[in-house]
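Visitor: Give me a 3D structure for the following:
(one chain, ligands or ions: 1)
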Amino acid sequence: MHASEEPAHADYFALRNRLLGPLRNRFLTADQLCEAGRLMCGRPESLSLYGIPAPEMAAREIRILGRTAIECTKDPHPIAIAGVIADIEAITPEADGEAMVVDLFCGSGNIGHHLGRCLGRPVYASELDPVVYEAGRRNLDRIGSTVRLRHADYRDLLGALPARSERDVYIVEPSWGRAFTSEGLDLTRTSPPVPEIIGHIQRSRGHVPCLVVVETSDRVVRGSLDTWCGKAVHLRTLAPKPFPPHRTGSRFHFYRLSESREADPLKWTP
Ligand SMILES: C[S@@+](CC[C@H](N)C(=O)[O-])C[C@H]1O[C@@H](n2cnc3c(N)ncnc32)[C@H](O)[C@@H]1O
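Guide: Okay, the predicted model is just below:
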């Protein structure tokens, strides 16, 4: 880090602590949203959800919780994800059935919202936290989104959604919490752990193949992405340019889950 970046870095982490601490379950004011945009993304307009930049959110009656401002997948990343899915499908055989998108840990719902629009597919989403759910539900209603959001544990949503097509897409971004270590993100320690989530997806589909997108930070604990894969095939990793000034980037890993029962990720052992 350059010396000139240090104050911005310190301000960013101070903001992060406030958003995940006292402001965690509070709606941010217009000023706080703009400050968050400046410190997290370089300028207020670059903090954007549902295609609405931070300075316009209040007027559009979009309400963002402190924790969601940190945790959400910000524009334009969901549109880039949709582009990669379209690229992958362009070179894979057609599949029967009307494919769906399932956003298992939906938070703001921003990923599901954009994927539904870009891919023209029904989107089903679950969010367990009642406060995050209410906020997400309200914002999705405001923008006229067709995302079908449930206040539920992701396993309940999976239980209600058998496989429809081999082009079904699952978005996996559970809470990081103690998985965020000095060595990077440990996917075996997210809440719930990613290997467990993959196992539940496979069983809910009777092991019919599908596409899974796992979001991580730019540093992942060595091997923790590979352990759960079994016979899943890694197709692509999308590495969008990080937002200045904090410069930590997101990664989106795209996998084709196979139909092999032997590759059940719940068999993973540390
Ligand atoms: C990292 S955030 C995802 C943010 C999301 N990608 C967005 O764009 O806003 C993880 C979310 O999963 C929710 N969550 C945690 N455990 C869950 C579970 N078992 N089932 C459903 N949602 C859960 C958390 O409340 C949190 O909102």
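
Visitor: Distance across stretch 54-72, terminal residue to terminal residue?
Guide: 13 Å (Cα to Cα, to the nearest Å).

Visitor: Quick one: mean pLDDT for that stretch?
Guide: Model confidence over stretch 54-72, given as mean pLDDT, is 97.

Visitor: can you list the weak-confidence ranges in the stretch 1-150 of the chain?
Guide: Low-confidence segments of the stretch 1-150 of the chain, defined by pLDDT under 70: 1-7.

Visitor: Looking at this structure, what residue ends up closest to the ligand?
Guide: The ligand sits closest to residue 107 of the chain, with a gap of 2.5 Å, by Cβ to the nearest ligand atom. C-beta: built from backbone N, CA, C; applies to glycine.

Visitor: Would you list the phi and psi of that residue?
Guide: phi 50, psi -120 (degrees, to the nearest 10).

Visitor: Let me know the distance separating it from residue 118.
Guide: From residue 107 over to residue 118 the distance is 19 Å, taken as Cβ to Cβ, to the nearest Å.

Visitor: next one: residue 105
Guide: Counting by Cβ to Cβ, the gap from residue 105 to residue 118 is 20 Å.

Visitor: likewise residue 185?
Guide: The value you get for residue 185 to residue 118, if Cβ to Cβ is used, is 26 Å.

Visitor: ditto for residue 248
Guide: Going from residue 248 to residue 118 by Cβ to Cβ gives 25 Å.

Visitor: Compare these two and say which is more crowded by neighbours.
Guide: Neighbour count, other Cβ atoms under 10 Å: between residue 248 and residue 118, residue 118 has more, with 17 against 10.

Visitor: mind listing what the more buried one touches?
Guide: Residue 118 makes contacts with 78-79, 82-83, 86, as judged by Cβ atoms under 8 Å, 6 or more residues apart in numbering.

Visitor: Most neighbours of all those, which one?
Guide: residue 78 (26 neighbours).

Visitor: Is that one in a helix, a strand, or coil?
Guide: When classified by DSSP: H, G, I helix; E, B strand; the rest coil, residue 78 comes out as helix.

Visitor: So for it, what's the nearest residue that isn't a sequence neighbour?
Guide: Nearest residue to residue 78 in three dimensions, chain neighbours excluded: residue 114, at 3.5 Å (Cβ to Cβ, 6 or more residues apart in numbering).
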